Each structure stands twice: as C-alpha cells, then as structure tokens.
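[1] curious how this folds, go ahead:
(one chain, ligands or ions: 1)
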Amino acid sequence: MSQVNHVWRLRKRPVGEITDDVLSLEVESIPEPGPGEFLFRLNYLSLDPTNRIWMSDMDQYMPPVELDAPMRGGVCGTVVKSRHPDYAEGAVVSGLGVWADYQIGTPQFVRPLGDTGPVSVVDAFSTFAVVGPAAYIGLLDIGQPRPGETVVVSAAAGAVGSIVGQIAKIKGCRVVGIAGSPEKCAWIQDELGFDVAINYRTQDVARALAAACPNGIDVYFDNVGGEILDACLKLMNFKGRIPTCGLISEYNAEIPVPGPYNYSMILMQRLRIEGFIVTDNLERYAAAIVALSQWMAQGKIKVRTEIVDGFENALQTLKKIYTGANTGKLMIRVQDV
Ligand SMILES: NC(=O)c1ccc[n+]([C@@H]2O[C@H](COP(=O)([O-])OP(=O)(O)OC[C@H]3O[C@@H](n4cnc5c(N)ncnc54)[C@H](OP(=O)(O)O)[C@@H]3O)[C@@H](O)[C@H]2O)c1
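    Down below sits the predicted model:
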C-alpha cells in the first residue's frame, strides 16, 4: 500500500467552462478508518456531467461541494482496511465518494458491488451504477412509451441517451436521436438501430425534427435542455411526456438561461414534464439491472465506455464531456480491479 494519498480538491467555483484552476491535485496522508468505517483504494472514477453542477453553487439536488473540500464523484474501489463487519478487505465497492486515491467509506454512500455474474466489474460500474438505471427508469416509468410511438432523445450517443434509444426500439417505438458529430450519428443509426439521427451541430434541428417526426413526438427524453428542448416542445403530441434527465447545454451558462419559447405547448397539448434523479428510485434498480443485463446478453443493448488511464488526467478528461469529445461512459482507471 502506498504511503501517500492523492486528492483532487475544489479550489474555485467555475464560471462558464471548467478551467485548470478549478481543482488542484494534492499529495496528502492516507486517512484511518474509524469504527464502522472502511478505507478503500480507487480503481475507477466516473466522470459525469453532474460534476459541473456539484462544483457550482447553483440551485441543485445535493449540497454543492465545499470550497477546498475533495471533489465528489462516482467511485469504484477495493477495501484495503476495514472496521466494518460487512466490508471485508479485498471487497470491491462502489457508490458516491471523492476524487482521492484512498478514501474512507461508510455503508450510507458506498456499497459492495457484489457478484456481477457474467458482467465484468467495469461494465457493472459504468452501466449499472447510474446511467443504465437512469435510462430505464426515466424512459419507462416517466416516458411510458407505447409501441408505434415516436421517441426523441438528445445526447443520443452518450451514456444515458444511447441506452434510452435502444430501450425505446425494444419497446417497438420509432426512435430519433440527436447527437453532435457524423461519427456519433452513424453509430446510433447503423449500429444501434435508431430510425433517424440528427446532427445538431450541422443541421437545423427544428426543421430536421419536423421531417424526422411526421406524426409528432410522443416522448422526448431530455438530456440537454435549451434550444433542443424548445424545438421538441413545438412538435409534442397530445398528452406527450418529457422525462427531464439532464440539461447539459445549460450547465456552463454564465447568465441565466431563458425559459423555452414554446412553453405554451405544455398547456395546449396537456404535456407532462417530470424531472428525476435516478438515485431517488433505488427500489427500481433491481428491475433495471435485470432487464439491462438480459438485453445486453442478447445483444439488444450495446454500450460504449471511454476509459482514460491515470488519476492525474481526471480534470482534463472531465472537460471532454462538455464539448462532446467523449464517446460513451467516461471513466478514469486508477488501477484495474
Ligand atoms: N437525472 C439523473 O439521475 C441523471 C443521471 C445521469 C445523467 N444525467 C444527465 O443525463 C445527461 C447525459 O449524461 P451522460 O452521463 O449520458 O453523458 P454523455 O451523454 O455520455 O456525455 C454528455 C454529452 O452531452 C452532449 N453535449 C454536451 N454539451 C452539449 C450541448 N451544449 N448541447 C447538446 N448536447 C451537448 C455531448 O454529446 P454530443 O457530441 O452529442 O454533443 C456529450 O458527449 C446529462 O445532462 C446528465 O446530467 C442525469
């Protein structure tokens, strides 16, 4: 076991895009677990759009990270010292932790990953911890798609969006994905079976959507907010549903983002828009993971992960998410399990 710890601390709240001075990487001592706690070493760090929310002091669903505190993140690690009877040394754990090589875990936030069966630890962490259940719960519980309906999803080649589109296809829907590069559009259409892919960086989204959705939109799974949400609102059908999963186009905004111009469609078409945070629905995780595992084993759902080596690369790698430079679920590998 190393004699020193490496910890990323939040030094400044970002204004606009994340800059290099927002976090600093420090060399520190390794903490000692107290009674009921355990010490674990990081294997994988999940990098997520929500990291930008936690860095800021905008209104949010959890308290923001305190200035000078370790950065918060999704973590997967191995227990190296334990003072908790249910966490044996060598156990693989995952949950909500911090950006630190070695850190203290408690059962409230970090749980054993358990037997992942035929699924590798890295797939179990990358797909089943957050993004897979978010796609499953958001689409099926809130979106409630019916066969033959039109489902539109934004950030469609991303970790959540790519799974949403594939579940919608399994449910017999017509699926339109909106993504930010020709390569991403080709992937969702040619490999994942989406019916139409729209490149929002090169196409007029409102016009392309109208052409792609001749019967209107029944479910819009929103990962981005902003202008794409507005364009979708305009095409929503009577009693349409909009699961609000994320608003990534707005996370780096320096001034408040105006509300959608097509807000009136909520009334005119009697729409239901519902925001959700996946971890509020832990009771749905088991069903989500069983279904996702089966679909993955049957080849009906494909996932892409982008794994970058080196804890020191966490900050630079995180920036990729907000420019669309990531291809799939983005993670840092500190060391293999
Ligand atoms: N509610 C929940 O519980 C929950 C859980 C997980 C994630 N989320 C949310 O779900 C969304 C997707 O997360 P993810 O983990 O799957 O990330 P991801 O899609 O793998 O990565 C984010 C993608 O967003 C797209 N993007 C970035 N800036 C954009 C902009 N200005 N306009 C349109 N698209 C933009 C980029 O793809 P392009 O190349 O296509 O631009 C980027 O690759 C995020 O909003 C996130 O906050 C919510």
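[2] just the pLDDT for residue 216.
    pLDDT for residue 216: 98.
[3] any idea how far it lies from residue 66?
    46 Å (Cβ to Cβ, to the nearest Å). C-beta here means a position set from N, CA and C on the backbone, and glycine is covered the same way.
[4] would you mind listing what in the chain touches the ligand?
    48-50, 130-131, 134, 155, 157-161, 179-181, 184, 223-224, 245-249, 276-278, 321-322, 324, 326 (Cβ under 6 Å from any ligand atom).
[5] quick revisit: among residue 216 and residue 66, which residue is more densely surrounded?
    residue 216 (16 against 10; other Cβ atoms under 10 Å).
[6] strands along the stretch 201-337 of the chain, start to end?
    Using DSSP state E, counting those that start in this stretch, the strands found in the stretch 201-337 of the chain span residues 217-221, 236-244, 272-275, 305-309, 329-333.
[7] go ahead and confirm residue 201 touches residue 180.
    Yes: between residue 201 and residue 180 a contact is recorded at 5.1 Å, counting by Cβ atoms under 8 Å.
[8] which of those two has more residues huddled nearby?
    The neighbour count for residue 201 versus residue 180, taken as other Cβ under 10 Å, is higher for residue 180 (20 against 12).
[9] quick one: contacts for the nearest residue in space to the more buried one that is not next to it in sequence?
    Counting by Cβ to Cβ, 6 or more residues apart in numbering, the nearest residue to residue 180 once its immediate chain neighbours are dropped is residue 324, at 4.1 Å. Listed by Cβ atoms under 8 Å, 6 or more residues apart in numbering, the contact set of residue 324 reads 180-181, 184.
[10] what's the closest of those to residue 80?
    The closest of those to residue 80 turns out to be residue 184 (Cβ to Cβ; 38.9 Å).
[11] so what's that closest one closest to, chain neighbours aside?
    In space, residue 184 is closest to residue 157, 3.5 Å off (Cβ to Cβ, 6+ apart).
[12] report the contact partners of that neighbour.
    177, 179-181, 184-185, 187-188, 327-328 are the contacts of residue 157 under Cβ under 8 Å, 6+ apart.
[13] distance of residue 109 from the ligand?
    16 Å (Cβ to the nearest ligand atom, to the nearest Å).
[14] wait, residue 222 sits on residue 248?
    No: Residue 222 lies out of contact with residue 248 (Cβ under 8 Å); the separation is 9.9 Å.
[15] past the longest strand belonging to the chain, which element shows up next along the chain?
    When the chain is parsed with DSSP state E, its longest strand is strand 72-82. Remark: after strand 72-82, the chain's next helix or strand is strand 92-98, criterion DSSP states H and E.
[16] dump the C-alpha coordinates for that next one into PDB.
    The C-alpha trace of strand 92-98 is given here as PDB (Å, rounded to 0.1, in the frame of the first residue of the first chain):
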ATOM      1  CA  VAL A  92     -15.000  -4.400  -4.400                       C
ATOM      2  CA  VAL A  93     -17.200  -1.400  -3.600                       C
ATOM      3  CA  SER A  94     -18.900   1.400  -5.500                       C
ATOM      4  CA  GLY A  95     -21.000   4.400  -4.800                       C
ATOM      5  CA  LEU A  96     -20.600   8.100  -4.100                       C
ATOM      6  CA  GLY A  97     -17.200   9.100  -2.900                       C
ATOM      7  CA  VAL A  98     -14.500  11.600  -3.600                       C
END
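[17] that strand pairs with which strands, parallel or anti?
    strand 72-82 (antiparallel), strand 110-112 (antiparallel) (DSSP bridges).
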